[in-house]
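Q: based on what follows, work out the 3D shape:
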Amino acid sequence: MVEPAGSLPPTERHADRATPIDALDVLGMVQAMHAADLEAAVAVGARAERIAAVVEAAAQALLHGGRLIYCGAGTSGRLGVLDASECPPTFGVSEDTVVGLIAGGEQALRHSIEGAEDDEALGAADMARLTPSAHDLVVGIAASGTTPYVLAALKEARRHGAATALVCCNPDAPLVADTMIALDTGPEVLAGSTRLKAGTATKMVLNMISTAAMARAGLVFEGCMVGMRPANAKLKRRAARIIAALCESGESEGAGLLAKAGNDIRVAVLMGRLGLDAERAKAALEEAGGVLRDALEAEPRGRTRTNTDEHGPAR
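A: As a prediction, this is how the structure comes out:
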């Protein structure tokens with residue numbers, strides 16, 4: 001017996017298409033999937049205000065020493081782990097600043113762990129191990145909005161006082177978090193395959209949450225990844241270009257500043273813009289809590305401090 005469409009999450013329903021995807025030629029398949037991806041983008045745009053609210057909550061968590069914690073199962077969990085893993089090299093934050101939980105653990109990143117998404121006890125235990133607090137934001141990710149592992153993790157997070165949000169692709173999902181980002185992505189071209197436009201929409205939302213939150217928390221400057229870790233030759237060249245652009249100098253000068261700054265882009269920019277040596281630039285950045293904009297604004301005043309200044313002796 002076929003389950004009535006009205007009782008299913010939208011992602012599980014069959015698309016109302018004149019021709020199913022497998023009856024199309026290859027070009028038709030590609031065009032159909034591209035059209036579906038455009039629908040995903042529209043669905044994300046329709047929830048801009050909700051996404052902005054989650055961004056603000058994430059930024060406040062970061063500014064107060066808290067964490068952004070993602071939790072999900074299957075594709076949703078992998079997307080959360082992916083976003084979390086990209087934050088340290090992109091923004092220079094520690095590996096425990098943005099955390100990704102996936103039902104079934106690391107093995108689930110490459111293999112399907114049957115039953116893990118239904119394990120409420122596992123969701124609660126995985127979250128409890130992170131000892132969430134009121135400083136953290138926990139973002140559940142579940143296309144259907146009803147994944148037991150995710151709901152249990154959110155419940156445990158709330159029990160510890162953490163702020164919560166849920167990213168899902170079901171406008172009718174029950175209210176299970178402080179903020180719901182319920183994307184109306186509709187049926188998939190391949191019914192139930194949420195790695196398609198539901199996954200695309202979810203990835204877009206996670207990109208927005210982490211990137212905008214980092215920018216709001218001062219870890220982006222003039223549209224540049226100033227916290228980026230230049231860990232290889234390609235990234236060192238990129239870092240030199242960033243420094244050159246922000247200091248209005250040549251790339252070779254940027255590379256020189258980067259080397260003197262110990263590969264810290266922010267320190268190099270302070271050196272280039274304010275004429276500081278590396279030691280003073282590092283100190284200025286530390287005094288500003290690692291926020292380059294604040295360091296640039298405060299340092300000119302700091303350079304004119306007197307020995308009786310309330311901030312202490314001049315350096």
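
Q: residue ranges of each domain in this structure, please.
A: As given by automatic domain parsing, the domain ranges for the chain are 10-216, 233-302.

Q: give me phi/psi at L101?
A: phi -110, psi 140 (degrees, to the nearest 10).

Q: which SSE is the nearest residue to it once chain neighbours are set aside in?
A: Of all residues not flanking L101 in the chain, C71 sits nearest, at 4.1 Å (CB to CB, 6 or more residues apart in numbering). C-beta here means a position set from N, CA and C on the backbone, and glycine is covered the same way. Using DSSP states H and E, C71 sits within strand 68-72.

Q: list the helices and strands the helix or strand following that strand packs on?
A: As assigned by DSSP H and E, the chain's next helix or strand after strand 68-72 is helix 74-91. Applying 3 or more CB pairs under 8 Å, 6 or more residues apart in numbering; DSSP states H and E, we find helix 74-91 packed against strand 68-72, strand 98-102, strand 137-141, helix 197-216.

Q: parallel or antiparallel, which strands does the third one pair with?
A: Here strand 137-141 has these sheet partners by DSSP bridges: strand 68-72 (parallel), strand 163-168 (parallel).

Q: quick one: distance of it to the chain centre.
A: Mean-position distance between strand 137-141 and its chain equals 11 Å (CA atoms, centre = their mean, to the nearest Å).

Q: which other residues reach that strand?
A: Contacts to strand 137-141, defined as CB atoms under 8 Å, 6 or more residues apart in numbering, come from residues 54, 57-58, 60-61, 66-72, 76-77, 79-80, 127, 132, 147, 150-151, 153-154, 157, 162-168, 176-177, 202, 206, 209.

Q: if we go to 6 Å?
A: Strand 137-141 has contacts (CB atoms under 6 Å, 6 or more residues apart in numbering) with 57-58, 61, 68-72, 76, 80, 150, 154, 157, 162-167.

Q: so which elements touch the one helix or strand A283 maps to?
A: In this structure, A283 is located in helix 278-287 according to DSSP H and E. Other elements packing on helix 278-287 under the criterion 3 or more CB pairs under 6 Å, 6 or more residues apart in numbering; DSSP states H and E are helix 265-274, helix 292-302.

Q: buried residues of it, list them for me.
A: For helix 278-287, burial by neighbour count (16 or more other CB atoms under 10 Å) applies to A278, R280, A281, K282, A283, A284, L285.

Q: surely the fourth one is in contact with L270?
A: To tie it back to what came earlier, the one meant is K282. No. K282 is beyond contact range of L270, at 8.3 Å (criterion: CB atoms under 6 Å).

Q: can you say which of the strands paired with strand 137-141 is nearest to S252?
A: strand 68-72 (37.2 Å; CB to CB).

Q: residues contacting V291?
A: Taking CB under 6 Å, 6+ apart, we find V291 in contact with G218.

Q: ok, now with 10 Å
A: By CB atoms under 10 Å, 6 or more residues apart in numbering, the residues touching V291 are L63, A217, G218, L219, F221, V226, G227, R266, L285, E297, A298.

Q: and the second one, how close does it get to S133?
A: Same thing as A217. 18 Å (CB to CB, to the nearest Å).

Q: more crowded one of the two?
A: A217 (21 against 14; other CB atoms under 10 Å).

Q: so who does the more buried one touch?
A: Contacts of A217 (CB under 10 Å, 6+ apart): 58-64, 91, 93, 97, 289-291.

Q: is it possible to mark the buried ones in these?
A: The neighbour-count criterion (16+ other CB under 10 Å) marks A58, A59, Q60, A61, L62, F91, V93, T97, G290, V291 among these as buried.

Q: distance to A84 added to those residues, as JSON lines?
A: JSON lines is the format used below for those (distance: CB to CB, whole Å):
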{"residue": "A58", "distance to A84": "12"}
{"residue": "A59", "distance to A84": "16"}
{"residue": "Q60", "distance to A84": "18"}
{"residue": "A61", "distance to A84": "13"}
{"residue": "L62", "distance to A84": "13"}
{"residue": "F91", "distance to A84": "11"}
{"residue": "V93", "distance to A84": "10"}
{"residue": "T97", "distance to A84": "9"}
{"residue": "G290", "distance to A84": "19"}
{"residue": "V291", "distance to A84": "22"}
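
Q: I'm done for today, thanks for sticking with me.
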